[in-house]
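>>> everything below, folded, please.
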Amino acid sequence: MIRKTVLALALLATASIANALPGLGENFDDISTLSANGWVLTNNSTPGGLTGWFQGNDGVFPSYSGADNSYIAGNWLNAGPGGNISNWLLTPEVALVNESTLTFFTRSSGFLADRLEVRMSQNGASTNVGTTDSSVGDFTTLLATLNVVLDPAGYPTDWTQISLTLSGLGDGVTGRLAFRYAVTDTNANGDYIGIDSFFLRVPEPGTLALLITGLLGVAVSRRSRVLKR
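Modelled structure (predicted):
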């Protein structure tokens, strides 16, 4: 009975994690397809500007990989003159698993100070980012900030890989990850950034297999001791 119980729990764990194994990847070859694939683009900049997220402009700089314009970009025109940029790019709902790694490449044009936040919501499919240029809604977990103090030289001007590891999560959590282009006072700050080659990778199945093997070994050992009694 013990062995059957542990086996059932192990199989349930396998099924649960296997559902998340494909992870998520996006190269931004054609950002017009993002909404259909579960991504959400929300511009809370104040006052509203002339642009939101847009297809990369290879006249400013080419992509990290793929076609020259194969990246997603934001710029100072996300807000009106002298305004505050708060332009959100949310991933589809994903399984949030400890030890998952989030990687992407980013760079700026380097003329004025730019800033990018990476945030997380653990509230399922929620797209709540609030309604103001300072609100974060359900995306209260700040995973990283590039160029916190808006240093004109603080954002990479060559494609640079950013890698983050998820931790402190409970079991069975789903939510969304988010990029927030966050710049204050576009009269003095904000120029042009790009994001390319985004990937969310969950732990390798081999790690889970070792765990399950160990659980089954414990169950067999217990069963053997019971029979010897």
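>>> so Gly110 makes contact with Gly154?
No - with contact defined as C-beta atoms under 8 Å, Gly110 does not count as touching Gly154 (10.1 Å). Using the backbone N, CA and C atoms, a C-beta is placed for each residue, glycine as well.
>>> run a quick neighbour tally on Pro62.
Close neighbours of Pro62, defined as other C-beta atoms under 10 Å, add up to 18.
>>> show me what contacts the closest residue to it other than its chain neighbours?
In this structure, Pro62 finds its nearest non-sequential neighbour in Asp68, 4.1 Å apart by C-beta to C-beta, 6 or more residues apart in numbering. Asp68 is in contact with Gly56, Asp58, Pro62, counting by C-beta atoms under 8 Å, 6 or more residues apart in numbering.
>>> where does the last one land in three-state SS?
Put plainly, it is Pro62. For Pro62, the assignment made with DSSP: H, G, I helix; E, B strand; the rest coil gives coil.
>>> Arg107 versus that one, what's the distance?
According to C-beta to C-beta, to the nearest Å, Pro62 and Arg107 sit 10 Å apart.
>>> and for the first one?
Distance of Gly56 to Arg107, given as C-beta to C-beta: 11 Å.
>>> all strands for the chain, in order.
Assigned by DSSP state E, the chain shows strands spanning 24-26, 40-43, 46-48, 54-55, 72-75, 79-90, 94-95, 101-108, 116-121, 141-146, 160-165, 174-183, 192-201.
>>> below-threshold pLDDT in the protein: ranges please.
Within the chain, the ranges that satisfy pLDDT under 70 run 1-22, 205-229.
>>> repeat the analysis, applying 90 as the threshold.
Residue ranges of the chain with pLDDT under 90: 1-23, 203-229.
>>> ok, His125 touching Thr91?
His isn't right for residue 125; it's Ala. No - counting by C-beta under 8 Å, Ala125 stays clear of Thr91, with 11.1 Å between them.
>>> what do the two both touch?
Taking C-beta under 8 Å, 6+ apart as the criterion, Ala125 and Thr91 both touch Arg176.
>>> more crowded one of these two?
Set Ala125 next to Thr91 and count neighbours by other C-beta under 10 Å: Thr91 wins out with 22 against 12.
>>> ok, now which ones touch the residue nearest to the more buried one when sequence neighbours are not counted?
Once flanking residues are discounted, Thr91 sits nearest to Leu177: 4.6 Å by C-beta to C-beta, 6+ apart. Neighbouring residues of Leu177 by C-beta under 8 Å, 6+ apart: Leu90, Thr91, Val94, Leu102, Val118, Arg119, Met120, Leu143, Leu200.
>>> and Leu177, bridged to which residues?
Leu177 has these beta-bridge partners by DSSP bridges: Met120.
>>> would you quantify the distance from it to Met120?
Counting by C-beta to C-beta, the gap from Leu177 to Met120 is 5 Å.
>>> mutual contacts of those two, please.
Residues touching both Leu177 and Met120 by C-beta under 8 Å, 6+ apart: Leu143.
>>> next one: the residue nearest the centre of the chain from Leu96, what distance?
In the chain, the centroid-proximal residue (C-alpha atoms, centre = their mean) is Leu177; its distance is 3.8 Å. Plainly put, Leu177 is 8 Å away from Leu96 if you go by C-beta to C-beta.
>>> with Gly52 instead?
Relative to Leu96, and taking C-beta to C-beta, Gly52 is found at 26 Å.
>>> mind listing what's buried along stretch 114-134?
Going by neighbour count (16 or more other C-beta atoms under 10 Å), the buried part of stretch 114-134 is 114-123, 126-127, 129, 133.
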